[in-house]
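> Quick one, what's the 3D model for this:
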Amino acid sequence: MVDGSVYRNGAAAGNTYNVSLILWYGGAIYHEGTGGQFYGWNGSGWQSCNDPRLGGTSADGTSIPPASYLIDKVGAIWTVENGIVYRNRSAVGTMSNAALLLWYGGKFWAQSTGGQFYVCADADQWLPCNDPRIVTPASAGSFHGINGHYDYLYSTTQLVSIIKTLGCSTYRLSCTDYPPQLAAVVALAQAFQPAGLNLFVLIDTGIYDSNGNLFTSESAAYTRGFNCAVAVATALQPYGVTMYECGNELTRASGIILDSTNAGTSAADFNNTNWPLMRGAMRGMIDGAKSVQADAKCGINFCVADTGASDALWDGKQPDGTSGHPTVRWDLTTWHNYEVYGDIFDIGSDGSGPGFDLPTYCKARYGVPFMISEWNTGPEKTETYRADYITSRLLSYYQARKTKNIQSAMYYELDSGDATYGLMINGTVLPLPYNAFASFIASHPDT
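Sure thing, here's the model as predicted:
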């Protein structure tokens, strides 16, 4: 080092100045500037980095205290000074009374001096939540599930037999107040109740009217959702149906998601103008079902990593960040997790950023059971691939059910009419995926 610059064999090594330290560590050369920033030599130049002696990403569950710093998945260094949380020496959000900073499930969580936990979410907001480390077991009896349709050619007796032979306890299908459709679902409910099977009914309405046009107002969307849910719950309550999913992939409707390639971790990913229509439809369906059936469990459905949407709905915010709007509060958090979306326990964020544990986030943030209401690989996969995927993916869901409150995982689907998604075609099983699914259930009881 000569006059604050780094030299190698008498020649300047790149463009350096104000160097205060040269370090040989782990078989590589580093230098530190007088401002405290480290740089690593890549053979031809210097790249910004952390002090290599600090180590890499902090182990899951590490906290301040007792640690003096934490490192996230992109190498940012987090510290706490006088209750303020810092990332690379810049304050993160408005947290000012942190007594604990926790790295857990790919997220940072702070506990205030008063004991309240907060999670660092979209736009560095600290949102109130529970301690994410709390183990929350799901209730037994509905974990093994599968999707189907009201208009299958199977008789109700055949369908009950097929589902019980598979070992499933929960069957998800969509329904509206269209009389022929509702009558078919009622017939299924009548057959399922004495068989001890759960019918998870998707109330399938949203932001568009019967002509395919956007509703003109939040009130109009609410009214349609309310009336549809009243009709569905009134018809199904007598036959033991207690769980309803209020809308299907509404956050991914073309009128809501601005760019479908985004992961959905930011509220700004969603259409601010049309947002009230979705909020109204969701609130209407929940209120409608509960007006008939006060103890009904109502779920709201999300896709990919749409925590930007779920947080905004839960807290009564718009995508533009304004607050004070009607809140949407649900009894069941439901999610779709197709392989293309990523591992739900390490799912990516906008910009293909580092992953986080989505069920843990939702468990801590909303405090209600978590359901994976659709999951599968892609339609282009072979039966061999699909069978292997069923076994491995279902195992990960099953292992988390007693710690992350995963109440049900519903495979999509029983019969797709071809070999793209289903386990059978018109009553004839597709041996590899069918056997993988059935054998897993047989060897993994829902206790």
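> for Ile372, what are its contacts?
Residues near Ile372 by Cβ atoms under 8 Å, 6 or more residues apart in numbering: Thr334, Trp335, His336, Asn337, Ile344, Tyr397, Ile406, Ser408, Ala409, Met410. (C-beta placed from N, C-alpha, C; glycine too.)
> of the residues you listed, closest to Ala13?
Nearest to Ala13, judged by Cβ to Cβ, of the contacts of Ile372 is Ile344 at 45.5 Å.
> in the stretch 201-350 of the chain, which spans are strands?
Assigned by DSSP state E, counting those that start in this stretch, the stretch 201-350 of the chain shows strands spanning 243-246, 297-303, 332-338, 347-349.
> winner for burial among these?
strand 243-246 (a mean of 27; mean count of other Cβ atoms under 10 Å).
> mean confidence for that strand?
Regarding strand 243-246, the rounded mean pLDDT is 99.
> Surely His149 touches Cys175?
No. Under the criterion of Cβ atoms under 8 Å, His149 is not in contact with Cys175, lying 10.2 Å apart.
> ok, those two, which is more surrounded?
The neighbour count for His149 versus Cys175, taken as other Cβ atoms under 10 Å, is higher for Cys175 (27 against 16).
> And Met371, its phi and psi?
In terms of degrees, to the nearest 10, the main-chain angles of Met371 are phi -130, psi 130.
> For it, name its beta-bridge partners.
Bridge pairing for Met371 (DSSP bridges) gives the partners Thr334, Ser408.
> Give me the pLDDT value at it.
99.
> Can you list the residue ranges for helices in the stretch 51-200 of the chain?
156-166, 179-195 (DSSP state H, counting those that start in this stretch).
> Let's have the ones you listed in CSV, adding mean neighbour count.
CSV is the format used below for the helices of the stretch 51-200 of the chain (neighbours: other Cβ atoms under 10 Å):
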stretch, mean neighbour count
helix 156-166, 16
helix 179-195, 16
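> Any chance of CSV for these, columns mean pLDDT and distance to His444?
As requested, these are arranged in CSV below (pLDDT from 0 to 100; distance: least, Cβ to Cβ, whole Å):
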stretch, mean pLDDT, distance to His444
helix 156-166, 98, 13
helix 179-195, 98, 21
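> To Thr205, which of these lies closest?
Thr205 lies closest, by Cβ to Cβ, to one member of these: helix 179-195, at 12.0 Å.
> can you list the residues that contact that closest one?
Taking contacts as Cβ under 8 Å, 6+ apart, the residues outside helix 179-195 that touch it are 150-151, 156-157, 159-160, 164, 171, 173, 175-176, 198-199, 201, 231-232, 235-236, 239-241.
> now the angle from it to helix 156-166?
Using axes from the mean of the first three to the mean of the last three Cα atoms, to 10 degrees, the direction of helix 179-195 lies 50 degrees away from that of helix 156-166.
> Check the offset of helix 179-195 from the chain's centre.
Its chain's average C-alpha position is 30 Å from that of helix 179-195, according to Cα atoms, centre = their mean, to the nearest Å.
> Same question for stretch 278-289.
Remark: stretch 278-289 is offset 21 Å from the chain centroid, using Cα atoms, centre = their mean.
> How confident was the prediction at the spatially most central residue of the chain?
Closest to where the C-alpha atoms of the chain average out (Cα atoms, centre = their mean) is Leu358, at 4.4 Å. With respect to pLDDT, Leu358 has a value of 98.
> what does Leu54 give?
pLDDT for Leu54: 84.
> residue contacts, it?
Contacts for Leu54 (Cβ under 8 Å, 6+ apart) come out as Tyr69, Ile71, Ile77.
> try it again with 7 Å
For Leu54, the contact set (Cβ atoms under 7 Å, 6 or more residues apart in numbering) comprises Tyr69, Ile71.
> Ok, Thr428 next?
For Thr428, the contact set (Cβ under 7 Å, 6+ apart) is empty.
> Report the separation between it and Gly417.
Note on Thr428: its distance to Gly417, by Cβ to Cβ, to the nearest Å, is 12 Å.
> pLDDT below threshold where in the stretch 301-447 of the chain?
The stretch 301-447 of the chain contains no residues with pLDDT under 70.
> I'd like the strands of the stretch 201-350 of the chain as a markdown table, with distance to Leu182 appended.
Conversion of the strands of the stretch 201-350 of the chain to a markdown table gives the following (distance: least, Cβ to Cβ, whole Å):
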| stretch | distance to Leu182 |
| --- | --- |
| strand 243-246 | 13 |
| strand 297-303 | 18 |
| strand 332-338 | 21 |
| strand 347-349 | 35 |
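> Would you tell me which of the ones you listed gets closest to Met95?
Taking Cβ to Cβ, strand 347-349 is the member of those nearest to Met95, at 20.0 Å.
> chain center to the helix or strand that comes right after that closest one: distance?
Note on strand 347-349: by DSSP states H and E, the next helix or strand toward the C-terminus is strand 353-356. In terms of Cα atoms, centre = their mean, the centre of strand 353-356 is set 12 Å apart from its chain centre.
> Which other helices and strands does whichever helix or strand comes after strand 353-356 contact?
Downstream of strand 353-356, the first helix or strand assigned by DSSP H and E is helix 358-366. Counting contacts by 3 or more Cβ pairs under 7 Å, 6 or more residues apart in numbering; DSSP states H and E, helix 358-366 is packed against strand 117-120, strand 126-129, strand 332-338, strand 370-376.
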